[in-house]
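K.L.:
Generate coordinates for the sequence data below:
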Amino acid sequence: MSSVLDVAPVVPVVVLDDPTKAVPLARALAAGGLPIVELTLRTPSALESVRRIAAEVPEVLVGAGTILSARQAQRAAAAGAQFLVSPGSTPALLAAMDDTGLPYLPGTSTVSEMLAVAEHGHTAMKFFPAEAAGGAPYLASLASPLPDLRFCPTGGITAASAGSYLRLPNVGCVGGSWLTPADAVAAGDWARIAALAAEVALVAV
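P.N.:
Model (predicted):
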């Protein structure tokens, strides 16, 4: 894998309350053609969900998001996460994620933050919160002055707006929660989630 940005055009961003949903959810995404998922560490069961996907769905690259501390980074790595995502970046957090040895997308929203992350040696990063921070026009304006940086914008992106990001030269993928609607997850409607994943190819055109 050259970069997390190159695995799929959309990275499903998922909040799971019930770890028994993790494996069938990951399998549904894979069936729809998306071999990647980011589980946010916002629930007590998140690490167990990461653990189950890593152990039982090897065809899916499972990541842990909303990494806010060194302890979270370490626990996510121990649970089997294959990449990390943070909403923002500090020197201490970057060092902690480095220490795990995992690939990661450090969060940025300003040019100064992007330059600081680049100085740390990273050219792939998360742009968050994408819509609130300026959206696709903002990222488009950075392509010329920051030609070596690539982004995974996340935050407020929908199926309708994803294409405006994916057409930009400095965007490798987008993060989105629309692929795993809460009601579909709660009902175990894996066919619906697989169908939504299959539609992603159209978004990327």
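K.L.:
low-confidence ranges in the protein?
P.N.:
1-2, 201-205 (pLDDT under 70).
K.L.:
Do you have the helices of it handy? List them.
P.N.:
For the chain, helices defined by DSSP state H occupy the ranges 22-31, 46-56, 70-79, 91-100, 111-119, 135-142, 159-166, 182-187, 190-198, 200-203.
K.L.:
Could you dump those into TSV with mean neighbour count and distance to Val37 added?
P.N.:
Using the backbone N, CA and C atoms, a C-beta is placed for each residue, glycine as well. Converted to TSV, these look like this (neighbours: other C-beta atoms under 10 Å; distance: least, C-beta to C-beta, whole Å):
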stretch	mean neighbour count	distance to Val37
helix 22-31	22	6
helix 46-56	21	7
helix 70-79	18	13
helix 91-100	16	18
helix 111-119	15	23
helix 135-142	17	23
helix 159-166	18	16
helix 182-187	13	12
helix 190-198	18	10
helix 200-203	16	13
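K.L.:
Mind checking the ones you listed for the one nearest to Pro129?
P.N.:
Closest approach to Pro129 among the helices of the chain (C-beta to C-beta): helix 135-142, 9.8 Å.
K.L.:
Mind giving me the packing neighbours of the closest one?
P.N.:
strand 150-153, helix 159-166 (3 or more C-beta pairs under 8 Å, 6 or more residues apart in numbering; DSSP states H and E).
K.L.:
Could you dump these into CSV with distance to Gly188 added?
P.N.:
Compiled in CSV, the helices and strands packed on helix 135-142 are given as follows (distance: least, C-beta to C-beta, whole Å):
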stretch, distance to Gly188
strand 150-153, 28
helix 159-166, 22
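K.L.:
For Thr180, find the nearest of those.
P.N.:
Thr180 lies closest to helix 159-166 among the helices and strands packed on helix 135-142, at 12.3 Å (C-beta to C-beta).
K.L.:
what is the orientation angle of that closest one with helix 135-142?
P.N.:
With axes from the mean of the first three to the mean of the last three C-alpha atoms, to 10 degrees defining the directions, helix 159-166 sits at 0 degrees from helix 135-142.
K.L.:
returning to that earlier point: relative to Leu16, which of the helices of the chain is closest?
P.N.:
helix 46-56 (4.7 Å).
K.L.:
ok, now which ones touch Ala118?
P.N.:
Shown in contact with Ala118 (C-beta atoms under 8 Å, 6 or more residues apart in numbering): 146, 148-149.
K.L.:
let's see 10 Å
P.N.:
Residues near Ala118 by C-beta atoms under 10 Å, 6 or more residues apart in numbering: 108, 125, 146, 148-149.
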